[in-house]
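Participant: Kindly generate the corresponding structure for this input.
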Amino acid sequence: MNTLDKDNILRDKIAEITAAEGIDIVEYRLFLSNGIKVVRCVVDYRQGGITIDACARINKKVVSFLNESRLLGGDFSVEINSPGLDRPLNSPRDFLRVKGKTVCLWLNEQVEKSGYLEGELTEVSDDDLTIIHKGSPLKIKFCSIKTGKERISI
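Facilitator: Here you go, the predicted structure:
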């Protein structure tokens, strides 16, 4: 079995494990580090707020699967992490989670003569979102957004 097949099997298994707990995979990577295969996943509940205990449960299930299946052999490491406060917003589902909050957007192309915008997120559809920017609604296509983040105020 080649590396791509193993990667696909593992990704599917982790998706199955996380979905059973109502958890989404935010990021997934399988890579080699100092001769050890490393599985690194960032996971979160759909509404946000993943706990250390939830990450530990997922980690334990992934390690059990890898030990039983021997998919990666015996030398591997599994890292299941939370996305943290500055989680990137990339998909419509990510943006829906922070609707009503202030978001920061880095753009692929300029809008309003800027490659960066901030505003309260008021609407999210499959193709675009609307923020209140400088007191007015501004619709932005997802294809124009490089990445976004929720603005965290302390």
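Participant: Quick check: the gap between the most centrally placed residue in the chain and residue 68.
Facilitator: Centroid-nearest residue in the chain, with C-alpha atoms, centre = their mean: residue 26, separated by 2.2 Å. Taking C-beta to C-beta, to the nearest Å as the criterion, residue 26 is separated from residue 68 by 26 Å. Where you see a C-beta, it was placed from the backbone N, CA and C, and this is true even at glycine.
Participant: Report the residue ranges of every domain in this protein.
Facilitator: 3-81, 88-150 (automatic domain parsing).
Participant: Turn these into CSV, columns for mean pLDDT.
Facilitator: Conversion of those to CSV gives the following (pLDDT from 0 to 100):
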stretch, mean pLDDT
domain 3-81, 93
domain 88-150, 92
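Participant: burial of the nearest residue to residue 141 once chain neighbours are set aside, as a residue count?
Facilitator: If the residues on either side of it in the chain are set aside, residue 141 comes closest to residue 128, at 4.7 Å by C-beta to C-beta, 6 or more residues apart in numbering. Residues lying near residue 128 (other C-beta atoms under 10 Å) number 16.
Participant: ok, now which ones touch residue 128?
Facilitator: With contact taken as C-beta atoms under 8 Å, 6 or more residues apart in numbering, residue 128 is in contact with 139, 140, 141, 142.
Participant: Highest neighbour count among the residues you listed?
Facilitator: Ranked by neighbour count (other C-beta under 10 Å), the contacts of residue 128 have residue 140 at the top, with 19 neighbours.
Participant: Residue 121 touches residue 98, doesn't it?
Facilitator: Yes - applying C-beta atoms under 8 Å, one finds residue 121 in contact with residue 98, separated by 6.0 Å.
Participant: more neighbours, the two?
Facilitator: When residue 121 and residue 98 are compared on other C-beta under 10 Å, the one with more neighbours turns out to be residue 121, at 22 against 18.
Participant: what separates the more buried one from residue 106, distance-wise?
Facilitator: When distances are taken as C-beta to C-beta, residue 121 and residue 106 turn out to be 15 Å apart.
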